[in-house]
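> let me see the structure of the following:
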Amino acid sequence: MTPLARETCAFLGELLVIEHARRHHPSLFALLHDVWRAESRRYLGADLDTLAAAVADPTTPYHYRQNYPFARLAAVHLFRRRKPGQLHALFASGDGAMPHLPLEAMANRAGDIANYLPPMPAPDPERPSMEAYRSLGAMVLLDIDRLQGPSEKRIEAYYGELLKHLQDQTAYVALNSDDRPVGYATWANRPGDGAVTLTRQSAPFGDHLMVQKSLERYLGQSGRVAAHHAKSAQQAQIAW
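From the prediction side, this is the model:
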């Protein structure tokens with residue numbers, strides 16, 4: 001089990017013990033709850049600062065405590081909103097635990113970011129250049145909303161890079177049910193076997209899993225696609 005999922009299970013175990021004490025041993029419950037709150041101040045204080053610094057600086061070395069803030073919050077989220085069999089499925093999942101964590105739900109709750117972008121018009125097959133520039137505009141707006149990253153590049157380099165991806169058909173803009181852009185991705189096709197390496201994934205409104213699932217359907221991949229995240233402590237990762 002990955003460290004993030006493992007720590008989520010550990011924190012869920014604590015919550016289950018505390019809940020048992022609340023029901024059957026009130027005096028013990030008060031003591032356990034005080035300890036839990038004191039430890040949470042560290043996990044969501046100093047450890048959260050450590051995680052934020054690592055996200056801001058991709059050269060920051062990995063430290064195990066970077067797992068604690070999200071794992072703590074994920075445990076509380078799962079404990080409060082659990083469905084029948086959900087916790088058992090997580091504990092029994094082993095190396096398949098990550099899909100059981102509430103990544104999308106927590107991302108959408110963080111700041112409750114509203115998608116202000118207008119819907120994309122229906123594709124016009126007779127005006128492909130217009131479609132390309134609409135896609136380019138959507139990608140620019142999505143990058144600007146992230147505040148950091150490719151949109152900070154010099155304009156000629158930024159424009160040239162995205163235009164090249166559009167010309168090579170290695171860019172994809174994901175839309176929600178209202179046809180609003182929710183994110184985009186770019187990739188490179190490896191010569192020979194055609195393997196896909198994602199070079200950029202952007203979902204500023206929290207729709208990360210929606211973008212990834214939509215992209216997976218678009219690419220029609222049955223295997224894994226490698227992703228290189230510039231702001232990750234481990235830059236080479238598996239997207240799916």
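
> quick check: domain ranges of this protein?
Here the domain parsing of the chain from automatic domain parsing is 3-109, 128-238.

> tell me the mean pLDDT over the shortest one?
So the one you mean is domain 3-109. Per-residue pLDDT over domain 3-109 has a mean of 90.

> most residues in a single helix of this structure, which one?
helix 3-24 (DSSP state H).

> what is that helix packed up against?
helix 26-43, helix 68-81, helix 86-91 (3 or more Cβ pairs under 8 Å, 6 or more residues apart in numbering; DSSP states H and E). For glycine as for every other residue, the C-beta is placed from the backbone atoms N, C-alpha and C.

> picking up where we left off before, need the domains of the chain in a markdown table (columns: mean neighbour count and distance to M120).
Formatted as a markdown table, the domains of the chain follow (neighbours: other Cβ atoms under 10 Å; distance: least, Cβ to Cβ, whole Å):
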| stretch | mean neighbour count | distance to M120 |
| --- | --- | --- |
| domain 3-109 | 15 | 21 |
| domain 128-238 | 16 | 5 |
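
> wait, which of those domains is closest to L117?
Nearest of the domains of the chain to L117, taken as Cβ to Cβ: domain 128-238 at 5.1 Å.

> immediately after the helix or strand encompassing W187, which helix or strand?
Applying DSSP states H and E as the criterion places W187 in strand 181-189. Proceeding C-terminally, strand 181-189 gives way to strand 196-202 as the next helix or strand, assigned by DSSP H and E.

> name the nearest residue to E104, sequence neighbours excluded.
Of all residues not flanking E104 in the chain, L209 sits nearest, at 4.2 Å (Cβ to Cβ, 6 or more residues apart in numbering).

> wasn't the one you found part of a helix?
Yes. When DSSP: H, G, I helix; E, B strand; the rest coil is applied, L209 is found to be in a helix.

> tell me which other helices or strands the strand holding W187 touches.
helix 128-146, strand 171-175, strand 196-202, helix 208-219.

> closest one to H24 among these?
Using Cβ to Cβ, these put helix 208-219 closest to H24, at 38.5 Å.

> quick one: average pLDDT of the closest one?
On average, helix 208-219 scores 83.

> chain center to it, what's the gap?
In this view, helix 208-219 has its centroid 12 Å away from the chain centroid, taken as Cα atoms, centre = their mean, to the nearest Å.

> who are the contact partners of the residue sitting nearest the centre point of the chain?
Centre of the chain computed as the mean C-alpha position; nearest residue by Cα atoms, centre = their mean is H208, 4.9 Å away. Going by Cβ atoms under 8 Å, 6 or more residues apart in numbering, H208 touches L103, E104, A107, G183, Q201.
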